[in-house]
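Undergrad: sequence plus the predicted model coming up.
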Amino acid sequence: MSEMETKIICITCPVGCSLVVTHEDQKVIKVEGNQCRKGIEYAQNELRDPRRMVTTTVKVKGGLHPLVPVYTSAPIPKPLIFELIKKLRGVELEAPVKVGQAILKDFLGTGVDVLAARDLPQVGQKTSETGSG
Amino acid sequence: MSLDRVKPIYDVVVIGSGPGGLGAAIAAKKNGADDVLIIERDNELGGILVQCIHNGFGVEIFKEDLPGPLYAHRFIQEANSLGVEVLSDTMVLDITPLRKITAVGKRAGFVELEARAIVLAMGCRERTRAQIRIPGTRPAGIYTAGTAQRFVNVEGYMPGNRFVILGSGDIGMIMARRLTLEGAKVERVLEIMPFLTGLTRNYVQCLLDYNIPLELRHTVSRILGNYRVEAVEAVEVDENWNPIPGTEEIIPCDTLLLSVGLIPENELSRKAGVILDPNTGGPVVDESMQTSVSGIFAAGNVVHVYDLVDWVTEAGFIAGKSAAKYAVEMKKGISRQVKLVAGANVRYIVPQYLDSESLAESDQRIQLRVVRPIEEKVWVEVTDGEHLITRKLERYVRPGEIVTIKIPKKAYDEVQKADKLVVRVTRS
Ligand SMILES: Cc1cc2nc3c(=O)[nH]c(=O)nc-3n(C[C@H](O)[C@H](O)[C@H](O)COP(=O)(O)OP(=O)(O)OC[C@H]3O[C@@H](n4cnc5c(N)ncnc54)[C@H](O)[C@@H]3O)c2cc1C
Ligand code: SF4
């Protein structure tokens, strides 16, 4: 097998380094352009198993808003993103929702959970966060 | 801890509850301000973070990659536990240079209050179509990216099905991904500049990941459609942003999103007499985040548009700390006032406090009433609790008749040292 060069932008932090990755198939030989070690790990993963954090919303009944924002506890494989979104579209919670509450556990055996990103009080409920009521 | 009523005076009042305002309120409390109030026009705290459900927040401060609402949540919790007071659903209408605040809202109605120090944290708003002058009809289906963000992420409805996004700023790119995940088609992102205006990482994870095409050096030259947007005309531009004839392309779509920049929100700052910098659009500030009006501080996007929310929080910390310091020093100034204490046979004294500095200028006259009549010669004495400062002989005293005594200028030094002045009336 021959060596290849692939350009990848590291998205681990807002710096967004342009990496030049020399690799043989999925085996990384050299990474250039990274400003920190995380860049190497990112290049490795991006070739082998690209993953992304997913943030979206799920429906809530009786809440201050009709939706609550949710996020994955860790990045999930890119090809599974739309499947996760589809799955979450079918979920409807009852207010109140607590921050960190698990909406979905161990998504498709990835070990990744989906968690609520905020408290969502019931309509008319008095809370410290919103002061509504 | 949201209020329905406010006190007439606070040490620090913060206007706006985004990351800048929350940071300021927290730092003010931690640095000695007793009463801190946040006034927020929305029905909850967090500012724009409420609708920024994507991750990417907190990398600097928490070394974690958090969604916007979770980042806000941490500071909301901290503000609550420190006892920061909140008046939500209330819009601040006016601030005077002497820090009198007028606000109106559904909780406390019309309120007027005073602050020893104010932190302006009103954030920014988006530029609109009128400000970038796109010709064409005025159909429905044109929104700023932030408005669409609120619809989709908070209120729960989609503003359209087929989108063109003008501007490659972060909000625009993040919305391109968001709309795609929600089942819409984003036809194109157009950017007039020859480069991306948002972060590269957003180009990767929002556009590349979802095969959303980006065209640099392109803009919208016309909007088509009578009642609803039916298409936009895109065109390539030259170095001077002039459309290049022959490059026009009609892109069918039902919604156009504008992500064409943010402007600091400074109507209130202007009313307070704060000087604005024409370059940033925000107040001119010193290193303590104090504006040109003393006692009025500013933090966050109201000062200039920040890239990273973490820096907004940091700026909030500085402004809040400075505001607390200002308020505390001002109160110390008030404690230069020496209390006049009613001693033997004195019912009350007016004034109740004496500014010790006032003796630098002239004798100070105080007045008192006695408790019991004494129909013989009496001494009216002013002491610091132990030592006599001044006294005066009266032929008699009666409760119905006010007694007057002057504290002379030459007592300045003794009064400076005293923490109270006791006035008593005794037989000579
Ligand atoms: C639509 C939009 C989307 C954004 N998305 C991102 C993003 O994805 N990522 C990112 O890093 N940055 C984003 N930004 C930038 C973002 O504004 C800053 O990162 C940060 O949130 C600014 O914090 P702030 O406290 O200065 O202002 P804000 O968060 O804007 O808070 C200002 C608060 O002041 C309140 N207020 C204003 N005027 C008054 C008044 N007269 N009386 C009472 N309350 C008042 C407002 O209601 C608001 O709650 C976005 C900005 C906008 C406008
Ligand atoms: S290589 Fe390091 S510095 Fe560069 S984008 Fe990745 S994480 Fe950030």
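TA: That came in fine, so what should we check first? All of these numbers come straight from a predicted model, not from anything done at the bench. Ligands and ions are numbered 1, 2, ... in the order given.
Undergrad: how about the residues of chain A near chain B?
TA: A:9-11, A:13-14, A:16, A:18, A:52-53, A:55-57, A:59, A:64-67, A:69, A:71, A:78, A:81-82, A:85, A:99, A:117-119, A:128-132 (Cβ under 8 Å from any Cβ of the partner chain). (C-beta placed from N, C-alpha, C; glycine too.)
Undergrad: list the residues that contact residue B:282.
TA: Neighbouring residues of residue B:282 by Cβ atoms under 8 Å, 6 or more residues apart in numbering or on different chains: B:264, B:266, B:269, B:276, B:298, B:301, B:302, B:303, B:304.
Undergrad: between these, which is nearest ligand 1?
TA: Using Cβ to the nearest ligand atom, residue B:301 is the member of the contacts of residue B:282 that lies nearest ligand 1, at 3.6 Å.
Undergrad: quick check: residue B:354 is in a helix.
TA: No. Applying DSSP: H, G, I helix; E, B strand; the rest coil, one finds residue B:354 to be strand, outside a helix.
Undergrad: not counting sequence-adjacent ones, nearest residue to it?
TA: residue B:338 (5.0 Å; Cβ to Cβ, 6 or more residues apart in numbering or on different chains).
Undergrad: point me to the residue of chain A nearest ligand 2.
TA: For chain A, Cβ to the nearest ligand atom, closest residue to ligand 2: residue A:39, 2.7 Å.
Undergrad: err, chain B, not the other one
TA: Among all residues of chain B, residue B:201 sits closest to ligand 2, at 7.2 Å; criterion: Cβ to the nearest ligand atom.
Undergrad: in three-state terms, how would that residue be classified?
TA: Residue B:201 ends up helix, using three-state DSSP.
Undergrad: from ligand 1, how far off is the residue nearest the centre of chain A?
TA: Residue closest to the average C-alpha location in chain A (Cα atoms, centre = their mean): residue A:53, at 1.6 Å. The gap separating residue A:53 from ligand 1 is 14 Å, by Cβ to the nearest ligand atom, to the nearest Å.
Undergrad: so for the longest helix anywhere in chain A, what gets flagged as buried?
TA: Ordering each helix of chain A by length in residues (DSSP state H) puts helix A:38-48 first. For helix A:38-48, a neighbour-count test (16 or more other Cβ atoms under 10 Å in any protein chain shown) marks A:39, A:40, A:42, A:43, A:44, A:46, A:47 as buried.
Undergrad: can I assume residue B:40 is in contact with residue B:90?
TA: Yes. Between residue B:40 and residue B:90 there is a contact at 7.0 Å, judged by Cβ atoms under 8 Å.
Undergrad: only whichever of the contacts of residue B:282 are buried, select them in ChimeraX.
TA: Only the buried entries of these go into this ChimeraX selection, using 16+ other Cβ under 10 Å:
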select /B:264,266,269,276,298,301,302,303,304
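Undergrad: what's the most distant pair in the contacts of residue B:282?
TA: Farthest-apart pair in those is B:276 and B:301; separation 13.9 Å (Cβ to Cβ).
Undergrad: just the buried residues of the residues of chain A next to chain B.
TA: Using 16+ other Cβ under 10 Å as the burial test, those include A:9-11, A:13-14, A:16, A:52-53, A:55-57, A:64-67, A:69, A:71, A:81, A:99, A:117-119, A:128-132 as buried.
Undergrad: just the ones of these in strands?
TA: Among those, the members falling in strands (DSSP state E) are A:9, A:52, A:55, A:56, A:57, A:67, A:69, A:71.
Undergrad: max pairwise distance over the residues you listed: which two?
TA: Pairwise distances across these peak at 30.7 Å for A:9 and A:67 (criterion: Cβ to Cβ).
Undergrad: from what I can see residue B:264 touches residue B:298, true?
TA: No. Contact criterion Cβ under 8 Å: residue B:264 and residue B:298 do not qualify, at 9.1 Å.
Undergrad: these two touch, right, residue B:78 and residue B:27?
TA: No. If you go by Cβ under 8 Å, residue B:78 and residue B:27 don't touch, sitting 10.4 Å apart.
Undergrad: these two: which is more packed in?
TA: More crowded of residue B:78 and residue B:27, by other Cβ atoms under 10 Å in any protein chain shown: residue B:27, with 26 against 16.
Undergrad: on the three-state scheme, that one is what?
TA: From three-state DSSP, the assignment for residue B:27 is helix.
Undergrad: tell me how chain B divides into domains.
TA: The domain map for chain B lists B:9-125+B:263-334, B:128-260, B:343-427, with the assignment taken from automatic domain parsing.
Undergrad: mean pLDDT added to those, as JSON lines?
TA: As requested, those are exported to JSON lines (pLDDT from 0 to 100):
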{"stretch": "domain B:9-125+B:263-334", "mean pLDDT": "94"}
{"stretch": "domain B:128-260", "mean pLDDT": "93"}
{"stretch": "domain B:343-427", "mean pLDDT": "89"}
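Undergrad: what's the most buried one of those?
TA: With neighbours taken as mean count of other Cβ atoms under 10 Å in any protein chain shown, these reach their highest mean count in domain B:9-125+B:263-334, at a mean of 22.
Undergrad: does that one reach ligand 1?
TA: Yes. Using Cβ under 6 Å from any ligand atom, domain B:9-125+B:263-334 reaches ligand 1 at B:15-21, B:39-42, B:47-49, B:52, B:91-92, B:121-124, B:265, B:268, B:300-302, B:306, B:308-309, B:312.
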